[in-house]
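[1] task: produce atomic coordinates for the following.
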Amino acid sequence: MYGWMDNVLRVNLTDRTIKTEFLNKEKLEKYLGGRGLASKMLSDEIDPGIDALSPENKILFAVGPLTAVRGPLTARFMVVTKGPLTGAIACSNSGGTWGAEMRRAGYDVIVIEGKADEPVYLWINGSKVEICSAKNVWGKGVTQATEQLKAETNEKAKVSCIGPAGENLSLISAIINDYHRAAGRSGVGAVMGSKNLKAVVVKGAGKKVQVADPDALKEVAARCREKIKESTTTSMVLPKLGTAMCVVPVNSQGAYLVQNGRKSFIEDDSAINGEALAAKYVVKNSGCSHCMIQCGRETRVPDGLYACEGEGPEYESMWALGACCGILDRLDAVIKANQLCDELGLDTISMGLTISCAMDMFDDELIPVEDIGAPLKFGDAAMVVKLVEDTGYAKGFGAKLAQGSYRLAESYGYPGYSLSSKKQEIAAYDPRGAQGQGLAYATSNRGACHSRANVQMHELMGVNPTVNPHITEGKARLVKDKQDFWSTVDSAGICGFLFLGITNQEFVDALTAVTGIKWDMELVQKTGERIWNMEKLFNLRAGLTVKDDSLPPCFLKIKPENGPTKGMVNKLDEMLPEYYKLRGWNEEGVPTVGKLQELGL
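    Here you go, the predicted structure:
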């Protein structure tokens, strides 16, 4: 089969068996690869009602047919499991070099099941696979563990591992590869920790993807590179400012959440925007394998209380650990907090919003100072840094923060303080100032997420088709179509930033050249729709209902008092029924028999 290695690696940690299997061709034709294929395999192999941290759960690493092929921005891989934070299907996307190395080792999917009786890591050296003791690296941070594992195996090997947060089963823990790249959301790190699995170390064997039409792929890759060079966003703005370029446009439109959503706009963002980061702290650009944009940034705080060096923070991290916690003038502290999240293996979005939730509740006298150990005020940069570290080690109040904002707020009787949907914290776009983004948060299959539909690009960033962020008309259609589209993109194994330069035509041409299947946009959308509905069925079997397609009351009832969104709320109740109808679901958000038959489900 063109576009795939045709190998699934299956590892059972309980009985320490290792075997390879062929891919299921029918599933490939329906679900493509990456997110779609791995989610379908998970759905078929586990009971969605199980405890996500039980040995019965499985965790899958998967690449798509475009991962590591000729062309720019082809480095993505997926981690798929049942998410312990949400109880829903989880699919966390990461870049770096690890996914390409997995392909060069000859695998499309790695399935890890069961639970080891002691700490272990998986060492994949081409076709040779071993389960090795991880006792010497258990408890260590990401950098030290990565370096030691490379020394034990191969200095050129790539490491994907958990930090202390995952070992301590934090529901907001991430899996970190290449030191700083994160499969961050839904608590996937805790699933590895629950299996006593510290890391997956991989060294390729030089295997290459066989493509159907190498000449056509060469042509479309050249076309993509040319369009990336021609685009101001991908050739100038992203390389210069990274994802932090988003601060100014989002804030200027009143959709920049501050102080756990109390505000949606700040008068002066000059101390915490992409320009400030680039001017003061960026050492050089960095990027994933096969990337010509290089939007990552290696940063360094040279001295002082928050001296550190690492990579990032990205836009979402700057916001979550910064403005959402009321920190508007200490970018050095935000960089330090971000670096600690990478080192300890924590999702920066959930971490920041869990701290901001605690700040909000403390300010309203709902959490006693004795529980925290010290006052917790908005803008207290030192406390943010301290609490990140405490969370990673589940120490003191950090043990409560490690469970995420919803469970923290619920434990005190006030779950509405959590800015989350399906118990997963939202991203850096206020749904009161971006109506479609609110609908996308509420209906995302993996819990609140900006990248499942990327509607913010059209409502706030000027990406075609540009739409008025404040109206509800047409948003149900936009969200549905974009959710379907990005489901296929994720399954292909490429970076979403590619579409800031190329058109959809380059995407379908690349898929056709690699797989030998004649792709067009109708097939792209239909494949994505099938994947989306399959994920929805998983969640329904896991016990989620229409009540989980929701937003916190903050966005539905509380109106911002300043900025461009002053007096606005999100009108989810106007958009959700239309969204269900467009999806072919009933009023309870359940796919109809006719829709399932149409999609071959």
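[2] rest of the way, CA atoms for contacts and neighbours
    Noted.
[3] surely N12 meets I110?
    No: between N12 and I110 there is no contact under C-alpha atoms under 8 Å: 10.9 Å.
[4] give me the more crowded residue out of these two.
    Applying other C-alpha atoms under 10 Å to N12 and I110 shows that I110 carries more neighbours, namely 21 against 17.
[5] can you pull the contacts of the more buried one?
    8-11, 60-62 (C-alpha atoms under 8 Å, 6 or more residues apart in numbering).
[6] what's across from it in the sheet?
    Applying DSSP bridges to I110 gives these bridge partners: L9, F61.
[7] list the buried residues in stretch 518-535.
    519, 524-535 (16 or more other C-alpha atoms under 10 Å).
[8] A244 - how many residues pack around it?
    26.
[9] all strands for the stretch 51-200 of the chain, in order.
    59-63, 77-82, 89-94, 109-113, 120-125, 128-133, 158-161, 175-177, 181-183, 197-203 (DSSP state E, counting those that start in this stretch).
[10] what about stretch 460-476, average pLDDT?
    In this model, stretch 460-476 carries a mean pLDDT of 95.
[11] buried stuff in that stretch?
    Those would be 460, 467-470, 472, 475-476, for stretch 460-476 by 16+ other C-alpha under 10 Å.
[12] mind checking the end-to-end distance for that stretch?
    By C-alpha to C-alpha, to the nearest Å, the extent of stretch 460-476 from end to end equals 17 Å.
[13] any chance you could list what contacts that stretch?
    With C-alpha under 8 Å, 6+ apart as the test, stretch 460-476 has contacts from 246, 249-250, 253, 432-436, 439, 457-459, 500, 571, 574-576, 578-579, 582.
[14] off-centre distance for that stretch?
    23 Å (C-alpha atoms, centre = their mean, to the nearest Å).
[15] any of the contacts of stretch 460-476 buried? List them.
    The neighbour count (16+ other C-alpha under 10 Å) marks 246, 250, 253, 432-436, 439, 457-459, 500, 571, 575-576, 578-579 as buried among these.
[16] neighbours of T17, just the number please.
    11.
[17] now do the nearest residue to it once chain neighbours are set aside, the pLDDT please.
    Of all residues not flanking T17 in the chain, V11 sits nearest, at 5.9 Å (C-alpha to C-alpha, 6 or more residues apart in numbering). At V11, the model reports a pLDDT of 98.
[18] so the closest residue to N570 other than its chain neighbours is in which element?
    Of all residues not flanking N570 in the chain, R432 sits nearest, at 4.5 Å (C-alpha to C-alpha, 6+ apart). Using DSSP states H and E, R432 maps to neither a helix nor a strand.
[19] residues touching R432, list them.
    255, 438, 470, 555-556, 559, 565, 568-570.
[20] for V201, give its distance to K25.
    28 Å.
[21] in terms of neighbours, single out the busier of the two.
    V201 (25 against 12).
[22] hmm, K19 and the residue nearest to T17 touching each other?
    Yes: the pair V11 / K19 is scored as a contact, 6.7 Å apart, by C-alpha under 8 Å.
[23] looking at those two, which has the bigger crowd around it?
    Comparing V11 with K19 by other C-alpha under 10 Å, the one with more neighbours is V11, at 21 against 10.
[24] packing partners for the host helix or strand of that one?
    Assigned by DSSP H and E, V11 falls within strand 8-12. Where contact means 3 or more C-alpha pairs under 8 Å, 6 or more residues apart in numbering; DSSP states H and E, strand 8-12 is packed against strand 17-21, strand 109-113.
[25] identify the residues contacting the longest helix along the chain?
    Of all the segments of type helix in the chain, defined by DSSP state H, the longest one is helix 521-541. Contacts with helix 521-541, where a contact means C-alpha under 8 Å, 6+ apart, come from 30-32, 36, 39-40, 43, 48-49, 87-89, 445, 481, 483-488, 504, 508, 590-591, 596, 599-601.
[26] so which of the residues you listed are in strands?
    Among these, the members found in strands (DSSP state E) are I89.
[27] and the contacts of helix 521-541, which are buried?
    30-32, 36, 39-40, 43, 48-49, 87-89, 445, 481, 483-488, 508, 590-591, 596.
[28] name the helix or strand for the spatially most distant residue from the centre of the chain, please.
    Within the chain, the residue lying farthest from the chain centre (C-alpha atoms, centre = their mean) is E370, at 34.1 Å. E370 belongs to helix 369-372 when assigned by DSSP H and E.
[29] what are the buried residues along that helix?
    I372.
[30] name the residues that touch stretch 361-368?
    Contacts for stretch 361-368 (C-alpha under 8 Å, 6+ apart): 358, 369, 375-377, 409, 412, 417.
[31] low-confidence ranges in the stretch 451-600 of the chain?
    Along the stretch 451-600 of the chain, the model assigns pLDDT under 70 to no residue.
[32] repeat that with 90
    Where the stretch 451-600 of the chain drops to pLDDT under 90, the residues are 561-562.
[33] repeat for the chain
    Applying pLDDT under 90 to the chain flags residues 1, 25, 70-73, 206-209, 289-290, 561-562.
[34] on that earlier part again, between the contacts of I110, which is nearest V79?
    Distance to V79, by C-alpha to C-alpha, is smallest for F61 among the contacts of I110, at 4.7 Å.
[35] how close does the closest one sit to H290?
    To H290, F61 is 19 Å away according to C-alpha to C-alpha.
[36] give me the more crowded residue out of the two.
    Taking other C-alpha under 10 Å, F61 and H290 do not tie; F61 has more neighbours (25 against 19).
[37] quick check, that one in contact with A90.
    No: taking contacts as C-alpha under 8 Å, F61 lies outside contact range of A90: 11.8 Å.
[38] in contact with I335, which residues?
    299, 301, 308, 312-313, 318.
[39] which stretches of the stretch 201-350 of the chain form strands?
    Using DSSP E, counting those that start in this stretch, strands in the stretch 201-350 of the chain cover 282-286, 296-301, 308-311.
[40] could I get those strands as JSON lines with distance to Q424?
    Listed next are the strands of the stretch 201-350 of the chain as JSON lines, based on distance: least, C-alpha to C-alpha, whole Å:
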{"stretch": "strand 282-286", "distance to Q424": "29"}
{"stretch": "strand 296-301", "distance to Q424": "25"}
{"stretch": "strand 308-311", "distance to Q424": "24"}
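[41] okay, those strands, which one's buried deepest?
    Ranked by mean neighbour count, these are led by strand 296-301 with a mean of 22 (mean count of other C-alpha atoms under 10 Å).
[42] the strands in the stretch 401-550 of the chain, which residues?
    420-421, 424-425.
[43] so what's the residue count around N136?
    Neighbourhood size, N136 [other C-alpha under 10 Å]: 12.
[44] need the contact list for it.
    So N136 contacts nothing (C-alpha under 8 Å, 6+ apart).
[45] again, but for K203
    With contacts defined as C-alpha under 8 Å, 6+ apart, the neighbours of K203 are 101-102, 104-105, 124-126, 154, 156-158.
[46] just the buried residues from those residues, in PyMOL please.
    PyMOL command restricting those to the buried ones, with burial defined by 16+ other C-alpha under 10 Å:
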select buried, resi 101+102+104+105+124+125+126+157+158
